[in-house]
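Engineer: Coordinates for the following, if possible.
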Amino acid sequence: MQIGAHVRDDDPLSAARERNAEVVQFFLADPQGWKKPVPAPSAADIEAAGVSVFIHSPYVVNVASLNNRIRIPSRKAVAQHAAAAAEIGAKGLIVHGGHVRKDEDPQQGLLNWGKLFERQAEDGGFGVPILIENTAGGDGAMARHLDMLARLWDVVGEHGAGFCLDTCHAFAAGWELDGLVAKIRSITGRIDLVHLNNSRDEFGSTRDRHANVVHGGGTIDPEQLAAVAKEARAPVVVETPSDGQADDIAYLREALS
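Structural biologist: Predicted coordinates for the structure are as follows:
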């Protein structure tokens, strides 16, 4: 099991060495904007070092949106970031599940996800797996509630969509962590990556505020987080405050050994 962290994108290999990380995740563009991605500055060095890479798409991406001004650039952004991720040998592109607005039909948001895969298939596919990540809040969210996640997978599962489990998001959304891996696998058939984050807030808060796995004042028992990672049997990335990531990785490596 590979264990690593979300790191700065200007020098991910140095960040990996500082944390003793076997896998890194980073952005290829401003996470709050629509700019075209640029290649990682040390992609060849990362590959030579044997460090696995995952790329996270910008937070503004909302494939499910019924608003053309958001959905269309979101589709374009996913395609661009997937192509850039493939160029550096990334193992996948993480994309948040997205949402529709109040009083809009969630089914249309689900169908928009299907159209993303269908249209890209006509262009030869994405080049890397698209890993849909669960989210912490939002009444019209595609990946906040397990029943909606099941409806989403009825649409995207046939297209080979992957799944990224974020433990902070799950906890904040009111998902019990005990037995969660089995429940998700019964829906998606797979877990491709785990964002193993503690939560600064209480269970069911709907707040997406990450804390370090250990020594960070989180509200989730670190042993419970380690148990989720062990059951998931997938690469683990901590998206926690950077000054505690090395300790998070060291704790998990010992707990999972």
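Engineer: contacts, neighbours, all on C-alpha from now
Structural biologist: Noted.
Engineer: Is the residue nearest to Pro12 when sequence neighbours are not counted in a helix, a strand, or coil?
Structural biologist: For Pro12, ignoring the flanking residues on the chain, the nearest one in space by C-alpha to C-alpha, 6 or more residues apart in numbering is Val24 at 7.1 Å. Per DSSP: H, G, I helix; E, B strand; the rest coil, the local secondary structure of Val24 is strand.
Engineer: Now for Val24: which residues touch it?
Structural biologist: Gly4, Ala5, His6, Val7, Pro12, Ala16, Val51, Ser52, Val53, Phe54, Val237 (C-alpha atoms under 8 Å, 6 or more residues apart in numbering).
Engineer: for Ala83, same thing?
Structural biologist: If you count contacts by C-alpha under 8 Å, 6+ apart, Ala83 has them with Phe126, Gly127, Val128.
Engineer: Report pLDDT for the residue of the chain most remote from its centre.
Structural biologist: In the chain, counting by C-alpha atoms, centre = their mean, Asp103 sits farthest out from the average C-alpha position, at 27.0 Å. Listed pLDDT for Asp103 reads 93.
Engineer: next one: the one 10 residues further on
Structural biologist: We have a pLDDT of 98 for Trp113.
Engineer: For Ala84, see how far away it is.
Structural biologist: 21 Å (C-alpha to C-alpha, to the nearest Å).
Engineer: still on that earlier bit, which one of the contacts of Val24 is nearest to Gly244?
Structural biologist: Ala5 (10.5 Å; C-alpha to C-alpha).
Engineer: and that closest one, what does it touch?
Structural biologist: 16, 19, 21, 23-25, 236-240, 245, 249.
Engineer: likewise Ala211?
Structural biologist: Shown in contact with Ala211 (C-alpha under 8 Å, 6+ apart): Asn197, Asn198, Ser199, Arg200, Gly217, Gly218, Thr240, Pro241.
Engineer: in the stretch 151-257 of the chain, which spans are strands?
Structural biologist: Here the stretch 151-257 of the chain has its strands, by DSSP state E, counting those that start in this stretch, at 162-166, 193-195, 198-199, 210-211, 236-238.
Engineer: can you confirm Gln107 is in a helix?
Structural biologist: Yes - looking at Gln107 with three-state DSSP, it is inside a helix.
Engineer: Centre of the chain to the lengthiest helix in the chain, how far?
Structural biologist: Of all segments of type helix in the chain, defined using DSSP state H, the longest is helix 68-87. Its chain's C-alpha centre lies 16 Å from the corresponding centre of helix 68-87 when counted by C-alpha atoms, centre = their mean, to the nearest Å.
Engineer: any idea which helix or strand carries the closest residue in space to Leu152 that isn't next to it in sequence?
Structural biologist: In this structure, Leu152 finds its nearest non-sequential neighbour in Leu110, 5.6 Å apart by C-alpha to C-alpha, 6+ apart. According to DSSP states H and E, Leu110 maps onto helix 106-122.
Engineer: Next: Glu47.
Structural biologist: Using DSSP H and E, Glu47 sits in helix 43-49.
Engineer: what packs against that helix?
Structural biologist: The elements that helix 43-49 packs onto, with contact taken as 3 or more C-alpha pairs under 8 Å, 6 or more residues apart in numbering; DSSP states H and E, are helix 12-19.
Engineer: For the helix it packs on, what does the pLDDT average out to?
Structural biologist: The pLDDT scores in helix 12-19 average 94.
Engineer: All good on my end, thank you.
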